[in-house]
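>>> sequence below, structure please.
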Amino acid sequence: MPSPQTVMVLRRGRGRLEGRYSEERLLEVWERSRSNWHRPQLPRPIIERSEEGEIFPFKNYRIVVGPEILEKGDRYLENLFDHLIVHYLFCPRSLETAGRLALAAREGLASGDRSQARRMVNIFSDLVVDTFRLERSGEDEEKVLLGWGELTKQDLSPLDEAVVGFLADLWGVDLPSSDLPQSELLLSVFSWGIRDRAKWPRQCMQMARILEPLEGGLLGRGAVPSIEGLGGDARSAPLSGLASELEPEVYRETLSVLGLDGDLKRWYRDQSYSIVIRPTSRVRQSWYPSSLVKWRLSDPPSELDVAYSMSLASRLIPGVTTYKGMEESCGMAAGGERVPDLLVVLDSSGSMDGHRRGTKTHAATLAAFKASTFAHAQGAELAAISFSDRMVVCEWTRDLSAVEEVLVQHLGSRTHIPGEEVLNLAEQRPGCLILCITDTHIQNLYSEWDSIQEAAKVGRFVLFSIDEANRNRKVDEALGDLGAVYRINRLEDLLSLVIETAEEAYRPREPSPDRRDGESFISSE
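Residues are numbered from 1 along each chain as shown. Here you go, the predicted structure:
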């Protein structure tokens, strides 16, 4: 328990704990708790009064401990720190796992309420964490029961009573029992145990279905703990698995349970993280002397360093007083290269079918996202056009988000290619790479032909013609005269072909002595 002096400081501190002794005590307990779990790299907590009703709050990417927690004593504080650390190490640990639990909780709730789903995720992860701790050792069991014992001293809601009664039976410990049928139902859900991560989503869904009719109380309040949330990067951390499996609307609603924005840009961006583009580097090599080793009779005579060998001994004895020089090599990255800027021309007409998994729009937009991200990382400037019978344009920029905003547009009407705008952008960046992804149902090609033809002379034009079976063959043949054309029968081939084009375009090359300064290394060969 804290000393009387510390309690006085707590009462007059107006929400912020002052006094060196209290801060040292907090850090001492924190370090002891970290040592219990092999010293994970987590930021130190801070002491500050939390907002009313907030449980396990966070501020500036750190755990916040209120003065009222310190008054409960060091053992209770250590239990709290252990509980939080295991959240970050075991359950839910990652934002990806938290997202899967959020999806399961929403499916288990008839109402689909986001705040209720968040509560269910927190209750489930609390049960998993404390069951794991209780089974670990007698000391951990003592701390776990101390924490739950303190909870039972407060006014409990029906939901809190059901969970506490369930834990009394599951753990076989002295906690208040419950006559509510939900406690018995929870026992059947957790009869599998909590160690199998593959069963967590189903267990969370069933638990949410059981507890939904009960009024909530103390348990499950606050944000869903994940290591990305504590590190401050939850808004940018990729959820590649979830994004690849869910439709955009379901993905958005799932992330909203975690307090995150899951818009179309994030849906495509998260899917693209799992796709890797590795440019094939062709670099020069430089050789330099590294050491001297024994020269032997089996070595070429030209390698013998006579001067060095004679400086060490008056006689040349092969393999004893004879030496040769060794060399090592190192790669030299090609320098002075200008990467080509990238212009993405993306068909967003009605025939592309819109933003759903498996559509032409989905495949084309995902490929465009990955190519843009890769080109941006290589130092290229980007521009984008999304077109139907009208268009949305992002002019040359280094703002990747602005380009992505254009790429996710779905205009959903007839297919009119904006040849004049393509030419205008290409002339601003001679030598640029122009990636045009369309189903080639283009209705105005001949009126825009001169502009497109001129743009293909200014930059490198690459056409990806999807929906091969239903394409307009005359349009396709005409566009084929402008540059490289990939005719795609299967949507899954589009992404790999776009990646191959990006790899080729941004591959480092050896400088050519006869190339003019500033000329792009992209060619139409």
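>>> which stretches of the protein have low pLDDT?
Where the chain drops to pLDDT under 70, the residues are 1-21, 49-61, 277-290, 329-337, 468-473, 476, 508-525.
>>> count of neighbours near V65?
Using other Cβ atoms under 10 Å, V65 has 24 neighbouring residues. For glycine as for every other residue, the C-beta is placed from the backbone atoms N, C-alpha and C.
>>> what's opposite it in the beta bridge?
Counting by DSSP bridges, V65 forms beta bridges with I47.
>>> check contacts around the nearest residue to R119 once chain neighbours are set aside.
Leaving aside its sequence neighbours, R119 sits nearest to G220 (Cβ to Cβ, 6 or more residues apart in numbering; 3.5 Å). Contacts of G220 were listed using Cβ atoms under 8 Å, 6 or more residues apart in numbering, and they are 118-123, 126.
>>> need these in JSON lines (columns: secondary structure).
Below are the contacts of G220 laid out as JSON lines (DSSP: H, G, I helix; E, B strand; the rest coil):
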{"residue": "R118", "secondary structure": "helix"}
{"residue": "R119", "secondary structure": "helix"}
{"residue": "M120", "secondary structure": "helix"}
{"residue": "V121", "secondary structure": "helix"}
{"residue": "N122", "secondary structure": "helix"}
{"residue": "I123", "secondary structure": "helix"}
{"residue": "D126", "secondary structure": "helix"}
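>>> quick check: L151 touching V164?
Yes: counting by Cβ atoms under 8 Å, L151 does reach V164; the two are 7.2 Å apart.
>>> looking at the two, which is more packed in?
V164 (20 against 15).
>>> and the more buried one, which of the three is it?
helix.
>>> next one: V189
Put simply, V189 is helix when judged by three-state DSSP.
>>> quick one: it from G216, how far?
According to Cβ to Cβ, to the nearest Å, V189 and G216 sit 18 Å apart.
>>> and V173, how many neighbours?
Neighbours around V173, by other Cβ under 10 Å: 14.
>>> looks like it contacts L146 (just checking).
No: between V173 and L146 there is no contact under Cβ under 8 Å: 11.4 Å.
>>> about what we covered before: dump the contacts of G220 into JSON lines; add neighbour count as well.
Listed next are the contacts of G220 as JSON lines, based on neighbours: other Cβ atoms under 10 Å:
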{"residue": "R118", "neighbour count": "24"}
{"residue": "R119", "neighbour count": "24"}
{"residue": "M120", "neighbour count": "31"}
{"residue": "V121", "neighbour count": "29"}
{"residue": "N122", "neighbour count": "24"}
{"residue": "I123", "neighbour count": "22"}
{"residue": "D126", "neighbour count": "20"}
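>>> tabulate those residues (TSV), appending distance to L479.
Formatted as TSV, these follow (distance: Cβ to Cβ, whole Å):
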residue	distance to L479
R118	50
R119	55
M120	53
V121	50
N122	55
I123	57
D126	59
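>>> and those, which two are the farthest apart?
Pairwise distances across these (Cβ to Cβ) peak at 12.6 Å, for the pair R118 and D126.
>>> which elements pack onto the host helix or strand of Y251?
In the assignment (DSSP states H and E), Y251 maps to helix 248-257. Packing partners of helix 248-257 (3 or more Cβ pairs under 8 Å, 6 or more residues apart in numbering; DSSP states H and E): helix 95-108, helix 114-136, helix 240-245, helix 264-273.
>>> point out the most buried one among these.
Highest mean neighbour count among the helices and strands packed on helix 248-257 (mean count of other Cβ atoms under 10 Å): helix 95-108, with a mean of 25.
>>> list the contacts for D263?
By Cβ under 8 Å, 6+ apart, the residues touching D263 are R252.
>>> now stretch 438-452: buried residues?
Of the residues in stretch 438-452, 438-442, 445, 448, 451-452 count as buried by neighbour count, 16 or more other Cβ atoms under 10 Å.
>>> and L26, what does it touch?
45, 47, 65, 70, 77.
>>> again, only this time at 6 Å
I47 (Cβ atoms under 6 Å, 6 or more residues apart in numbering).
>>> could you check the angle helix 114-136 makes with the host helix or strand of it?
Using DSSP H and E, L26 sits in helix 20-36. Angle, helix 20-36 to helix 114-136, by axes from the mean of the first three to the mean of the last three Cα atoms, to 10 degrees: 70 degrees.
>>> buried sites along helix 20-36?
22, 25-26, 29-30, 33-34, 36.
>>> equivalent analysis for stretch 74-85, please.
Neighbour-count burial for stretch 74-85 [16+ other Cβ under 10 Å]: 76-85.
>>> sitting in helices, which of those residues do you find?
Residues of the buried residues of stretch 74-85 located in helices (DSSP state H): 76-85.
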